[in-house]
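Undergrad: need a structure here:
(one chain, ligands or ions: 1)
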Amino acid sequence: MSLGLLLLLKFLLMETTCNFMSFIPYGRQDIDQKDIDSVIRTLKSDYLTCGPAVEEFEKSFASLVGCKYTLALNNATAALHLAVKALAKDSKKKVLTTPITFAASANSVLYNNLEVDFVDIDPDSYLMDLDLLEAKLDDFPNLYQGIIPVDFAGLPIDIERLRKIANKFNLWIVEDACHAPGGGIDTSRGYEMCGGGNFSDITTFSFHPVKHIACGEGGMLCTNNEQIYSLVKLLRSHGIERSVGGDKPLWFQEMHELGFNYRMPDILASLGNSQLDKLDKSVKRRNEIAMIYTDAFNKMEIKSQLQNSSCTNAYHLFVIEVEKRDELYNFLRSKDVGTQIHYVPVYLHPYYESLGFRRGYCPVAEAYFEKCLSLPMFPTLKDSEQRRVIELIGEFFGS
Ligand SMILES: *Cc1c(COP(=O)(O)O)cnc(C)c1O
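TA: Numbering: from 1, shown residues only. All right, here's what the predicted structure looks like:
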């Protein structure tokens, strides 16, 4: 054998072992040549911001989820901030959310100088417990003005039941669907996509790379209410109104609200446009992966998030609950498998403790937090990689 051939063989061998042992993260964006081409087209165009790619992204997203109005924003935190701002009518009434979410769901309330409060989760779905919510509202019917449910891990909340509760107590709903683009639920009025707007006043989505649609940064606000749409549109761009023709001069500008610069650039929206084409396929692939995990963990008697046959779960995350969670996390890490904890109950963060929240406030969420682990879940996860994750967990628990 020639030296060249030997070197080639050695190289190929190293490649395969490296591939086999390569690190598996818990989530990863899927960027292909079409995405790259789409961004390059925008870079070569006249508009890097405030241009046609943003409008196209808003239109496509609206037709995907079936709502009337959409506004692209620079991230979902901005969308939540403006959603609460647009809906909050009473500076003395609090807003309810779930403790098992990313901090931004609750922070959006604080940005608006309002008080936030938490309703514990259901121990099996990990979503806000609607029985506990109703009980809390029965006890304090005049304390709250709105509610921010979260479609945690991609599982849609029972939005029809939530709307009934909200109507009874005169509350608005901002659905934080950052985990659930492409998710949906059967209702008495037909199938409702997350963001459809027939039950929630506003729904928000995130385009952070770890979420389904990667823009780098980005968010979307969906609503069926024209007044909310107009107000958020104004707030997104400094609160400044521009000429729309008629009797106003072309240069016309007037500031009506203390707004922000929360606009999404066209560069990112063009990535969103090509990413959106893949959403359907990616949610299907996530569901395939979830089915394989579910079967494997049922056999191992490991608890995973309860599924609901009347929902399409968008599966941003696949969450299991295990004893010795930190040991398993470290074990998987040592074998090049990345996992994550979603989430530390929001009110246990030092900042929230400084607002007066204490350990023990939502016992179900705290018990869940001790055991939860999010496993690798992304559309380009290979079958062999998923098998490795399952086998390692089996090895750890000695089965
Ligand atoms: C990611 C996330 C957000 C914030 O999204 P950004 O686009 O990063 O601002 C808010 N809520 C939930 C539930 C999220 O997962």
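
Undergrad: how about the residue in the stretch 251-399 of the chain that the ligand sits nearest to: what's its closest non-neighbour residue?
TA: Of all residues in the stretch 251-399 of the chain, residue 316 sits closest to the ligand, with a separation of 7.3 Å (CB to the nearest ligand atom). (Glycine included, C-beta is placed from N, CA and C.) If the residues on either side of it in the chain are set aside, residue 316 comes closest to residue 179, at 3.7 Å by CB to CB, 6 or more residues apart in numbering.

Undergrad: assign the residue of the stretch 251-399 of the chain closest to the ligand to helix, strand or coil.
TA: Look at residue 316: counting by DSSP: H, G, I helix; E, B strand; the rest coil, its state is coil.

Undergrad: dump the residue contacts of it.
TA: 27, 153, 154, 178, 179, 180, 211, 212, 286, 377 (CB atoms under 8 Å, 6 or more residues apart in numbering).

Undergrad: residues in contact with the fifth one?
TA: With contact taken as CB under 8 Å, 6+ apart, residue 179 is in contact with 150, 151, 152, 153, 154, 211, 314, 316, 317.

Undergrad: what's the domain layout of this structure?
TA: 33-276, 280-397 (automatic domain parsing).

Undergrad: quick one: the helices in the stretch 101-250 of the chain, in order.
TA: Along the stretch 101-250 of the chain, counting by DSSP state H, counting those that start in this stretch, helices occupy 103-111, 130-139, 159-168, 226-236.

Undergrad: now do the second one: which elements does it pack against?
TA: Pointing back at helix 130-139 there. Other helices and strands packing on helix 130-139, by 3 or more CB pairs under 8 Å, 6 or more residues apart in numbering; DSSP states H and E, are helix 159-168.

Undergrad: helices and strands around the helix it packs on, which ones?
TA: helix 130-139, strand 172-176, strand 184-187.

Undergrad: and the ligand, which of these is closest to it?
TA: Across the helices and strands packed on helix 159-168, the ligand has its closest neighbour in strand 172-176 (4.9 Å, CB to the nearest ligand atom).

Undergrad: can you tell me which of the helices and strands packed on helix 159-168 is most buried?
TA: Highest mean neighbour count of the helices and strands packed on helix 159-168: strand 172-176, a mean of 26 (counted as mean count of other CB atoms under 10 Å).

Undergrad: run the chain-centre distance for that strand.
TA: Centroid separation for strand 172-176 versus its chain: 13 Å, with CA atoms, centre = their mean, to the nearest Å.

Undergrad: same check, this time on stretch 189-203
TA: Its chain's C-alpha centre and that of stretch 189-203 lie 16 Å apart, by CA atoms, centre = their mean.

Undergrad: in it, what's buried?
TA: Going by neighbour count (16 or more other CB atoms under 10 Å), the buried part of stretch 189-203 is 192, 193, 194, 195, 196, 197, 199, 200, 201, 202, 203.

Undergrad: next one: stretch 27-47
TA: 27, 28, 29, 30, 35, 38, 39, 42.
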